[in-house]
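J.: Sequence isn't available, so here's the structure alone:
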C-alpha cells in the first residue's frame with residue numbers, strides 16, 4: 001500500500017463557490033481555447049463538463 005504526502009496549499013489559493021459563481025448556477029470557463037461549463041446541481045454538487 002502506498003501513501004501519498006499531502007500537498008501544501010496556502011490559504012490564499014482557495015476561492016469559495018459563492019465568490020466564483022457570484023450567485024449563478026452556471027459558469028463558463030475558458031481553458032486553452034476550450035470552453036467548460038461548471039454548474040451547481042439542485043443537490044449542491046459541482047459538475048464540470050466540456
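T.: Received the coordinates, thanks. Quick caveat: nothing in here was measured; it's all calculated off a predicted structure.
J.: Show the subsequent helix or strand relative to the helix or strand of the chain with the lowest mean pLDDT.
T.: Every helix and strand of the chain was ranked by mean pLDDT, DSSP states H and E. The lowest is helix 17-21, at a mean of 94. Scanning forward in sequence from helix 17-21 by DSSP states H and E, the next helix or strand is strand 26-31.
J.: List the buried residues for that following strand?
T.: Within strand 26-31, not a single residue qualifies as buried, counting by 16 or more other C-beta atoms under 10 Å. In short, each C-beta sits where N, CA and C put it, glycine included.
J.: what helices or strands is it leaning on?
T.: Counting contacts by 3 or more C-beta pairs under 8 Å, 6 or more residues apart in numbering; DSSP states H and E, strand 26-31 packs against strand 34-40.
J.: what lines up beside the helix or strand following the strand it packs on in the sheet?
T.: Going down the chain from strand 34-40, the next helix or strand is strand 46-49, by DSSP H and E. Using DSSP bridges, strand 46-49 pairs in its sheet with strand 34-40 (antiparallel).
J.: Contacts for stretch 28-41 next, please.
T.: With C-beta atoms under 8 Å, 6 or more residues apart in numbering as the test, stretch 28-41 has contacts from 17, 20-21, 25-27, 46-50.
J.: And those residues, which of them are buried?
T.: Applying 16+ other C-beta under 10 Å to the contacts of stretch 28-41 flags residue 21 as buried.
J.: a markdown table please, covering the contacts of stretch 28-41 and showing distance to residue 36.
T.: Output for the contacts of stretch 28-41, formatted as a markdown table (distance: C-beta to C-beta, whole Å):
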| residue | distance to residue 36 |
| --- | --- |
| 17 | 15 |
| 20 | 13 |
| 21 | 14 |
| 25 | 15 |
| 26 | 11 |
| 27 | 9 |
| 46 | 12 |
| 47 | 10 |
| 48 | 6 |
| 49 | 7 |
| 50 | 6 |
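J.: Any idea what the closest residue to residue 49 other than its chain neighbours is bridged to?
T.: Distances taken as C-beta to C-beta, 6 or more residues apart in numbering place residue 37 nearest to residue 49, at 5.1 Å, with adjacent residues excluded. In this structure, residue 37 bridges to residue 28, residue 49 when assessed by DSSP bridges.
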